[in-house]
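**Student:** need coordinates for the below:
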Amino acid sequence: MSASGNVEAMAGQATTWCGQSVERVEDAALLTGRGRFIDDLGVRPGTLHAAILRSPHAHARIRAIHTDAARRAEGVAAILTGAEITANSASLVVGVKAPIDCWPIAVDRVRYVGEPVAVAIAESRYLAEDALDLVEVDYDPLPCVVDPVAALDPAQPVLHEALHTNLVSERRFRYGDPEQAFADAANKVSVTIRYPRNSCTPIETYGVVAEYDPGEDAYDVTANFMGPFSLHAVMARALKVPGNRFRLRTPPDSGGSFGVKQGVFPYVVLMAVAARLCAQPVKWVEDRLEHLTASVSATNRVTTLDAAVDADGRIRALAFDQIEDVGAHIRAPEPATLYRMHGNLTGAYDIRHVSVRNRVVVTNKTPTGLNRGFGGPQVYFALERLMQRIAIELGLDPIDVIRRNLIPSGAFPYRTASGALLDSGDYVRAFEQALAEGGFADLRQRQKEMRAQGRIYGIGLTAAVEPSVSNMGYITTVLTPEERRKAGPKNGAQATATVSLDPLGGVSVHVASVPQGQGHRTVLSQIVADSLGLKPSDVRVVTDFDSARDAWSIASGNYASRFAAAVGGATHLAAEQIKVKLARSAAAQLNVPAGEIEFALGRARARGNPDNAIAFSRLAAASHWSPGLIPEADQALRETAFWTPPELTPPNEADEINSSLCHGFIFDFCGVEIDPVTGAVRIDKYVTMHDCGRILHPGMVAGQVTGGFAHAVGAALYEEFSYGPDGAFLTGTFADYLVPTAMEVPAPVILHVETPSPFTPLGTKGVGEGNCMSTPVCLANAVADALRVAQIDLPMTPVKIAGYLHGAETSTRRARPRDNAPAGAGRALHGSGEARIAVAPEAAWDMLLDPNTLATIIPGCHGVERLSDTHFRADVTLGVGPVTGRYKADIRLSDLVRPQSVTLSGIVVGALGDARGTGRIRLAPTPDDGTMLTYDYDAEIGGKVASIGGRLLDGAARIVIQKFFAALARKCGGGEKRSLLARLFGGRA
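**Tutor:** Sure thing, here's the model as predicted:
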């Protein structure tokens, strides 16, 4: 209890818990290591473990998968490929009308690096991983496409042959009269942005434990899935069972999600089929490399946005052209990211004329899914970059441009041009209050002083609307009105909650919303305590979910910032229903009208005579010990509330859609300084104003805002999922996918106004995703202002900024001849070195071409087969940092000049990646009858191995190659002592 709560209790007054920052009940277990995550839960005896073989290629036909050796390996129960999975399941539902199958495993061809190709099921994860080393896959590499604009070119490779194109959906929308508005406008301002791929990276990866009951033809699955539970139907359908034969459970705790864990659902299907075929439970937990490479990311989007603008900066119309890259498969609920913001594309602005062209394309990249703020960052980056460009091109103050376009005070509820019903707010008041309380005038003065000193300083501003409680029908806007009529209406956002009382008066709450750190249990205990006159500690909240036990709907789950508004509201309604029953029972026992009963300080009492009271525990126990005292037909003190807001209707014939129930307001401004030498961006000050309706727990709201801000700083300055032109994934470890730590994230100044929502039971709205939407573009506007440039792309890394400051960097290194350099576009490696050998060149030459010698000196070699005098095949195990795997090496010799030089060309293929390269070896006699062997090489590496950090990979390659020549020197009985640096890195160190 807070200090104020203690004072009120001592005075005999009721305490209002909502609005207080009470201590979180979740923290004690989490901070002492007693959380129960999916990998902490016990499993049944006999549970098998799975490991997944993933594609090293972005696009390739699968000619054959050789599994015989793997099936015979120790402890292996099964090796499953696409053939077994497709024979025992159905394709996952695709969210658009297109002839595309979507399986949880590759069938006939792979379409992205990391796509599952085979699953090993064994007695332990270790044995399953070992079995994967024995699986051999024959691939026929195909051309690929990774750029969404290029994907529209008919000449580019097509990913899904039945579709005959990479364009899976195209829709055009028109609201108002945008053509006339553009014709009449004094000015037209345009921006084109390419929003990059990035992802939130929860500390806990995916996990699934699946079991099949053949007698019931039913599946029982535990997974750290977070919703939406509309995907329960997708999974049940894929497993070919009705929903009541697919039991889905979640663990009590989840190590973060930020939307990403929605993407575990294909693996639920995959492991459920594995459990069925093995007739034993199967457990799989994703490793970190798998998660970065192949889980889900936010979509990358190319947007061209035009504005028709008056001379004073007033926007009359907008024209959106959006190209959405969803990766290799359009997995449900995509294209949700593109359509979640459809109702409020105009953001916080009063713009009545809008045209939209939406195109969804597939590319050879990981499929996309939900990600914190999903859809918002892409929309607002274009819209708010446009606002800054309007101010600059028309010679106006950005503050004035925002102020003139904001939805006016008193206009709420406000219907946008595309159909959103903005529930409440006073954007102008919040905007002006932020400028005053956040010290914007002082920031402008600071910028003036900094620039006078020659320092590079910029200011950025952003206004945004944060939607919450998604309308399940917004995704159907991707369909035409005719297609929607045939499919039937889909809409709403039903939330459920159950409140029950036990025989001792204990209150329990159960909700179908799986938390990932938001504090559900704390806030719900506050809500129920306020309704029933108790302390939060009197209320126990259960948040682990069981689809066979709990009340739920397809909208259930923890996504789209729906907890406080929807789940908290449903819990409040359930508690109020219980309260009505208790009040009638108390009235009968206290001999007063039911309307006179109030609940406070753990008692039910007469409002006019507080001494006429009964203990809450005794009142609650009556339905158990003496149900006759309950004057109700339904005497059980257990209430389940199903709440559905009527404002969420299906898209209408004009394609207008209220895509979310609640809409918070955000106004951010910031000052940044850029290092003139390195190009590093330093956030000097960041102010963020929020109207998220009624605030239930100020401390947790501050935590949610700060967390979203931290994610956004990463998106703005550090994070990008990067792919090579050949589809190779280049950022598969935290060495290359940089995530900011607490050291890189300054504390923002957080301000609030509260305008309660009239559409939710508690007046609450969502919060926590907003800064993921507003902060990247606010920082980009500040950097663009500092550099005085028109175009800026994310992430704004020092090397990019340095390019603006100093021009493109040119290499001063002397290029080596690369006549035999491999073709392609993977992770490039180059190197050279030397070794002194204590035998003459003739003898060294013979040893280099002897398979028995090679088998003893190649690092990790299991054997060398000589196919001809110049063609060898080797079986090796190599480790690079955290990645170790077994590989097949095919080596050919050419340009032989005995005993002086030889060119070695090789292709290495394994479960974890592939490499191809060439090297030139030269042998020269030394005065002591020995040989000086020199070499240089060029190689390219793809697949999982290529995701290793560049410096680690370069160093590891040098070590492996140096080990080879050092072993050759030892074999010859020679070699010289070398420095530690030379022995570690080879070459001329």
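**Student:** what about His164, neighbour count?
**Tutor:** Residues lying near His164 (other C-beta atoms under 10 Å) number 10. Heads up, the C-betas are built off the backbone N, CA and C, glycines and all.
**Student:** burial of the nearest residue to it once chain neighbours are set aside, as a residue count?
**Tutor:** Leaving aside its chain neighbours, His164 sits nearest to Val158 (6.5 Å; criterion: C-beta to C-beta, 6 or more residues apart in numbering). By other C-beta under 10 Å, 15 other residues sit near Val158.
**Student:** hang on, Val158 packs against Val168?
**Tutor:** No. At 11.2 Å, Val158 does not count as touching Val168 under the criterion of C-beta atoms under 8 Å.
**Student:** okay, now Met796: neighbour count?
**Tutor:** So Met796, with other C-beta under 10 Å, has 25 neighbours.
**Student:** helices of the stretch 151-300 of the chain, start to end?
**Tutor:** Under the criterion DSSP state H, counting those that start in this stretch, the stretch 151-300 of the chain contains helices at 178-184, 230-238, 265-278, 288-294.
**Student:** can you list those helices in CSV and add mean neighbour count, distance to His342 and mean pLDDT?
**Tutor:** Formatted as CSV, these follow (neighbours: other C-beta atoms under 10 Å; distance: least, C-beta to C-beta, whole Å; pLDDT from 0 to 100):
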stretch, mean neighbour count, distance to His342, mean pLDDT
helix 178-184, 16, 16, 98
helix 230-238, 22, 18, 96
helix 265-278, 25, 24, 98
helix 288-294, 21, 29, 93
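**Student:** who wins for proximity to Ala308 among the ones you listed?
**Tutor:** Proximity to Ala308, assessed across the helices of the stretch 151-300 of the chain by C-beta to C-beta, is greatest for helix 178-184 (4.4 Å).
**Student:** which other residues reach that closest one?
**Tutor:** Under the contact criterion C-beta atoms under 8 Å, 6 or more residues apart in numbering, helix 178-184 has outside partners Lys188, Asp306, Ala308, Arg316, Ala317, Leu318, Ala319, His353, Val354, Ser355.
**Student:** just the ones in strands from those residues, please.
**Tutor:** Applying DSSP state E to the contacts of helix 178-184, the entries found in strands are Lys188, Asp306, Ala308, Arg316, Ala317, Leu318, Ala319, His353, Val354, Ser355.
**Student:** drop anything exposed from those residues.
**Tutor:** For the ones in strands among the contacts of helix 178-184, a burial check counting by 16 or more other C-beta atoms under 10 Å picks out Asp306, Ala308, Arg316, Ala317, Leu318, Ala319, His353, Val354, Ser355.
**Student:** I'd say the last one and Phe173 touch.
**Tutor:** Yes. Under the contact definition of C-beta under 8 Å, Ser355 touches Phe173, with a separation of 6.9 Å.
**Student:** can you get me the start-to-end distance on stretch 764-778?
**Tutor:** 26 Å (C-alpha to C-alpha, to the nearest Å).
**Student:** that one: how far from the chain's middle?
**Tutor:** Relative to the centre of its chain, stretch 764-778 is centred 15 Å away, using C-alpha atoms, centre = their mean, to the nearest Å.
**Student:** for stretch 415-423, same thing?
**Tutor:** Offset of stretch 415-423 from its chain centre (C-alpha atoms, centre = their mean): 28 Å.
**Student:** can you give me the buried ones in it?
**Tutor:** Thr416, Ala417, Ser418, Gly419, Ala420, Leu421, Leu422, Asp423.
**Student:** and the pLDDT at the fourth one?
**Tutor:** For Gly419, the model assigns a pLDDT of 98.
**Student:** residues in contact with the residue nearest to it when sequence neighbours are not counted?
**Tutor:** Residue nearest to Gly419 in three dimensions, not counting chain neighbours: Glu656, with 3.0 Å by C-beta to C-beta, 6+ apart. Contact analysis of Glu656 by C-beta under 8 Å, 6+ apart lists Tyr175, Gly343, Ser418, Gly419.
**Student:** compute the number of surrounding residues for the closest residue to Lys261 other than its chain neighbours.
**Tutor:** For Lys261, ignoring the flanking residues on the chain, the nearest one in space by C-beta to C-beta, 6+ apart is Met226 at 4.6 Å. Other residues lying near Met226 total 27 when counted by other C-beta under 10 Å.
**Student:** swap in Met450?
**Tutor:** Look at Met450: counted by other C-beta under 10 Å, it has 17 neighbours.
**Student:** what segments of the stretch 551-700 of the chain are helices?
**Tutor:** Under DSSP H, counting those that start in this stretch, the stretch 551-700 of the chain gives helices at 568-590, 616-625, 698-717.
**Student:** mind picking the two most distant members of the ones in strands among the contacts of helix 178-184?
**Tutor:** Farthest-apart pair in those is Lys188 and Val354; separation 14.9 Å (C-beta to C-beta).
**Student:** shaky segments in this structure?
**Tutor:** 1-14, 629-635, 808-828, 879-885, 910-913, 942-960, 962, 968, 973-989 (pLDDT under 70).
**Student:** check contacts around Ala844.
**Tutor:** Ile837, Pro899, Leu923, Thr931, Leu933, Leu968, Cys972 are the contacts of Ala844 under C-beta under 8 Å, 6+ apart.
**Student:** what sits closest to Leu573 if chain neighbours are left out?
**Tutor:** Counting by C-beta to C-beta, 6+ apart, Ala641 is the residue found nearest to Leu573 once chain neighbours are left out, at 4.0 Å.
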